[in-house]
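Engineer: Next come a sequence and a model predicted from it.
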Amino acid sequence: QVQLQQSGPGLVKPSQTLALTCTVSGGSITTYPYYWSWIRQPPGKGLEWIGYIAYNGSTYYSPSLKTRTSISRDNAKNTVYLQMNSLKPEDTAVYYCNARGVTTTLEFLEVWGQGTLVTVSS
């Protein structure tokens, strides 16, 4: 069973860089056809998709965040990373790691990390 464990700071100052980690257990991040996304939810607002890194290492980002965001991975550590630069107060949100894929029994699978509240404030 795939499980996602997030880690990272809860408070970041404006203009600084956010770095979050999503450690995966119960499955490999290189397994076809899994996609590993980062999604956030600002206070009182809906979910906003940030981007993903696919099983083959390809990445895709939300156009509105593309210039400030990088998603990477360490296959040996089975870990996915989010880096977001030049943070602003409006980047304050709960950030989630998310996995989507299809199992060997052809069942759709979606798993969420526990979420990390990131507050951007001086």
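Structural biologist: Everything's here; your move.
Engineer: Point to the residue nearest the middle of this protein.
Structural biologist: Nearest to the mean C-alpha position of the chain, counting by CA atoms, centre = their mean, stands W38 at 2.5 Å.
Engineer: Packing partners of the strand or helix carrying Q5?
Structural biologist: Using DSSP states H and E, the element containing Q5 is strand 3-7. On a contact count with 3 or more CB pairs under 8 Å, 6 or more residues apart in numbering; DSSP states H and E, strand 3-7 meets strand 18-25, strand 93-102, strand 108-112. Using the backbone N, CA and C atoms, a C-beta is placed for each residue, glycine as well.
Engineer: and the angle from the shortest one to strand 18-25?
Structural biologist: Looking back up the chat, that one is strand 108-112. 130 degrees (axes from the mean of the first three to the mean of the last three CA atoms, to 10 degrees).
Engineer: For W49, give the beta-bridge partners.
Structural biologist: Beta-bridge partners recorded for W49 (DSSP bridges): I39.
Engineer: my bad, should have said R73
Structural biologist: Under the criterion DSSP bridges, R73 forms beta bridges with V80.
Engineer: Let's have the helices and strands packed on strand 3-7 in CSV, adding mean neighbour count.
Structural biologist: Shown next, in CSV, are the helices and strands packed on strand 3-7 (neighbours: other CB atoms under 10 Å):
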stretch, mean neighbour count
strand 18-25, 19
strand 93-102, 20
strand 108-112, 13
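Engineer: what's the closest of these to V120?
Structural biologist: strand 18-25 (8.0 Å; CB to CB).
Engineer: Show me how far that closest one is from its chain's centre.
Structural biologist: Relative to its chain's centre, strand 18-25 lies at 7 Å (CA atoms, centre = their mean, to the nearest Å).
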